[in-house]
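**Student:** Got a sequence here, can you build the structure:
(one chain, ligands or ions: 3)
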Amino acid sequence: MDELYNLSFAFALAATFICLANICFIRIQGRMGKLQNKLFMMILITLVLNGICNTVTGFLTPYKHTSETALFVTQAARYLYFVFHTMLAPLFFLYISSVCGIFIRSVRSIRIIYYGVFAITELLALTNPLTHWVYYLDSDLQFRRNWGEALIYLAAAFFLAIAIKNLTNTWHVLTFKRKAGVLMFTSITIAGILIQLLFHDVKVELFAEAIGLTGIMMIIENEDDRIENVTGLYNRQAFLTDLESYMINRTKLHVISIRINTPEIVSRKRGAVNRELLEKSVADFLSTVHKRYNIYRLGRRSFAMTVFGKDDEEAYALAQKVSTRFDKPWKLTDTFVMLSASIILADIPRQVDTLNDALYMFESEKPSKTDKKILAGDDLNFLLRGSAVEKSITHGLSEGKLEVYYQPTYSMDGLKLHGAEALVRLHDDDMGMLYPDEFIPVAENMGLIDAIDDHVLMDVCRLIRDERLYEKGIDCINVNLSVLQFMKQDFVEHINGIVEEAGIDKKYINFEVTESISGGSYEILNNAINELKREGFMFSMDDYGTGYSNMRALASMNLDCIKIDKSILWEAEKSELGYIILENSIRMIHQMNKNILVEGVETESQIKLLEPLGVNFLQGYYFSKPVPKDKFLAIVEKENSAGR
Ligand code: C2E
Ligand code: CA
Ligand code: CA
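**Tutor:** Ligands and ions are numbered 1, 2, ... in the order given. Predicted structure coming up:
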């Protein structure tokens, strides 16, 4: 028996020292000081108190028969042990909840049950000297358990169960490390409890808990992998995991995202040291308006803050506080700079309830239409729509939701059907039909534009081949290509491959590319056009007159046709200056020996206006809107039978 007492005493002493060491370690390392860290510290302190109580009990037990004082002190220590130990499971539950991103303050029903069960068990422990419901000493001064202890264990099991429930809800969000940490703690603790239940006198439970907590301290409480070294803030990965667990657990919060727009100049002119300095200044400023453990650095120049327990107005006020700081300059080593920031305030989960949408929102460019400094409330619809469009494109490509429409083009000479332009549409189950003006720029950003353009080209090739369009008075079908395509290696081979596989003559395909491209890439574009032309394709320049027209570059390109934008036509109708621009554009293009197509012809008077100017082709709603394939084929048949 003596040996067992010694063993229990040693275990208790070891547990105390382990927890004390952990406390010192945390003090030295420093922590963020958030609720989770505070709860962990409370658990450690509770364990230390438990350990001291058990050590005292273990040490004095052999003397309790001989000394009144020893008996009294063991009794007191045991009493305190029960009072403190009963707190452990509820604390552990709170701890796990906060690791999972759940704040029980916000869930009323859970709060009531939690405090209820906790109060009952704690009351049992506190009143034990009067009731002896938890334990008592028998006539032989032997320790005896009573039904109250079973109840306390049951309550502990209950807290463990709801902690595990929270854990499993959030399980897939937790990093492997965290999962391992929690599993290790739980299994070691359970093993300790079981051993102690089986061998009453081996008081190993506390020791097992201390070891388990050390594991948690090393794995979960140590946040080195979540902290980013330039600013000392939480990093992007931490933001992703935290936000996802908030979303899974339907935790209500606001997120304020801050994107600094201007320091491109700063980084180029003033070097990396200043860039880091700047980001540190912004980070430091943010930590003056909000708790550091709720601030994240999402990437270069972009930050986010999570805001809990505030209503829309309070959160807005915080966003405003951040925003006004950007009205003042920021200090660098040798100068001051002004920065501009776009700030987004999102209400989660009311406005955004998926991680994808949130990221899209926080990371997309601010819409150029707005001059608001803070985007909040309805301003975010635009961004949310963008995210929905992104999803629709991915889904549309894999599920075949793209459809090619055809808009016929006509020769000025006799207004005869001459060809068509292929224009893509995207069908979305929720949003209906999406137009390319909206989704093409998004697809370009996502790097999916080539897949779309390929799809359109294949559709066009099949149509020409299967319907033998070349026998029905169709000279060519125009296919739009994104300028981005030209920058890709093997672009011409790729296009060739598609058309050759369909087995049609390349001259029936007329590629269009928009003229508004930046100066530097003309050479690449020119080379690609030459190659395509050598292969036998036709080539048109689209949207003439919308951008900055580099006449010299345009003249030097090997183009079959230039498409004058609808805005030029519409202006010509409205004003004399507009007419002069149209007339001279047409004259100049003719002098370059290129054909001209005018877009956006909606009325007969527009045709009358264009007739004397020597335009070659026309396209517009006057003749037909873009229509699905079968409608287009009906137009072809009708023209054909009328022609005969
Ligand atoms: P775009 O190449 O300038 O195409 C002409 C646009 O003007 C089409 O809009 C067409 O519906 C519209 N339009 C034609 N005639 C008239 C008219 O008389 N009045 C008015 N108000 N509008 C007219 P859509 O189909 O919405 O296409 C928009 C743009 O999307 C296209 O401009 C083109 O740049 C791009 N796009 C369309 N399909 C594709 C594609 O397959 N690939 C790529 N890369 N871009 C495409
Ligand atoms: Ca076009
Ligand atoms: Ca156009």
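**Student:** For stretch 126-133, give the mean pLDDT please.
**Tutor:** The average pLDDT within stretch 126-133 is 95.
**Student:** before we move on, what about stretch 372-383?
**Tutor:** Mean predicted confidence for stretch 372-383 is 87.
**Student:** May I have that stretch as PDB, with CA atoms only?
**Tutor:** In PDB, the C-alpha atoms belonging to stretch 372-383 read as follows (Å, rounded to 0.1, in the frame of the first residue of the first chain):
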ATOM      1  CA  LYS A 372     -16.600  55.000 -52.300                       C
ATOM      2  CA  LYS A 373     -13.800  54.300 -49.900                       C
ATOM      3  CA  ILE A 374     -15.600  51.600 -48.000                       C
ATOM      4  CA  LEU A 375     -17.700  49.000 -49.800                       C
ATOM      5  CA  ALA A 376     -20.400  47.600 -47.600                       C
ATOM      6  CA  GLY A 377     -24.000  46.400 -47.800                       C
ATOM      7  CA  ASP A 378     -25.400  46.500 -51.300                       C
ATOM      8  CA  ASP A 379     -22.100  47.600 -52.800                       C
ATOM      9  CA  LEU A 380     -21.000  44.000 -52.400                       C
ATOM     10  CA  ASN A 381     -23.600  42.600 -54.700                       C
ATOM     11  CA  PHE A 382     -21.400  43.400 -57.600                       C
ATOM     12  CA  LEU A 383     -18.600  41.400 -56.200                       C
END
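**Student:** Number the residues from 544 up from this point.
**Tutor:** Sure thing, new numbering starts at 544, so read that last one as stretch 915-926.
**Student:** and it, how far out from the chain's middle?
**Tutor:** For stretch 915-926, the distance from its own C-alpha centre to the chain's C-alpha centre is 17 Å (Cα atoms, centre = their mean, to the nearest Å).
**Student:** And that stretch, what's buried?
**Tutor:** Going by neighbour count (16 or more other Cβ atoms under 10 Å), the buried part of stretch 915-926 is 916-919, 923, 926. To be clear about C-beta, it is placed using only N, CA and C from the backbone, and glycine gets the same treatment.
**Student:** Please dump these into a markdown table; it should also carry secondary structure and distance to ligand 2 for every row.
**Tutor:** Putting these into a markdown table (DSSP: H, G, I helix; E, B strand; the rest coil; distance: Cβ to the ion, whole Å) gives the following:
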| residue | secondary structure | distance to ligand 2 |
| --- | --- | --- |
| Lys916 | coil | 37 |
| Ile917 | strand | 38 |
| Leu918 | strand | 32 |
| Ala919 | strand | 37 |
| Leu923 | helix | 32 |
| Leu926 | helix | 28 |
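**Student:** With distance to Asn792 as added columns, please give those residues in a markdown table.
**Tutor:** Below are the buried residues of stretch 915-926 laid out as a markdown table (distance: Cβ to Cβ, whole Å):
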| residue | distance to Asn792 |
| --- | --- |
| Lys916 | 32 |
| Ile917 | 27 |
| Leu918 | 26 |
| Ala919 | 24 |
| Leu923 | 22 |
| Leu926 | 24 |
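**Student:** Name the nearest of those residues relative to Ala862.
**Tutor:** Each of the buried residues of stretch 915-926 was scored against Ala862 by Cβ to Cβ, and Ile917 proved nearest at 5.0 Å.
**Student:** excluding its backbone neighbours, what's nearest Gln894?
**Tutor:** Nearest residue to Gln894 in three dimensions, chain neighbours excluded: Leu923, at 5.9 Å (Cβ to Cβ, 6 or more residues apart in numbering).
**Student:** Would you mind measuring from that neighbour to ligand 1?
**Tutor:** To ligand 1, Leu923 is 25 Å away according to Cβ to the nearest ligand atom, to the nearest Å.
**Student:** Among the buried residues of stretch 915-926, which one lies nearest to ligand 3?
**Tutor:** Taking Cβ to the ion as the measure, ligand 3 sits nearest to Leu926 out of the buried residues of stretch 915-926, at 27.5 Å.
**Student:** Quickly note the distance from the closest one to Leu902.
**Tutor:** Distance, Leu926 to Leu902, by Cβ to Cβ, to the nearest Å: 11 Å.
**Student:** Also Ala963?
**Tutor:** Going from Ala963 to Leu902 by Cβ to Cβ gives 40 Å.
**Student:** Same check on Glu1114?
**Tutor:** Taken as Cβ to Cβ, the span from Glu1114 to Leu902 is 41 Å.
**Student:** wait, doesn't the residue nearest to Gln894 sit right on Tyr903?
**Tutor:** No. Shown here, Leu923 and Tyr903 do not form a contact pair, counting by Cβ atoms under 8 Å, at 10.7 Å.
**Student:** so who does the residue of the stretch 744-893 of the chain found nearest ligand 1 touch?
**Tutor:** Closest residue of the stretch 744-893 of the chain to ligand 1, Cβ to the nearest ligand atom: Ser885 (27.0 Å). Residues near Ser885 by Cβ atoms under 8 Å, 6 or more residues apart in numbering: 801-802, 804, 909, 916, 918.
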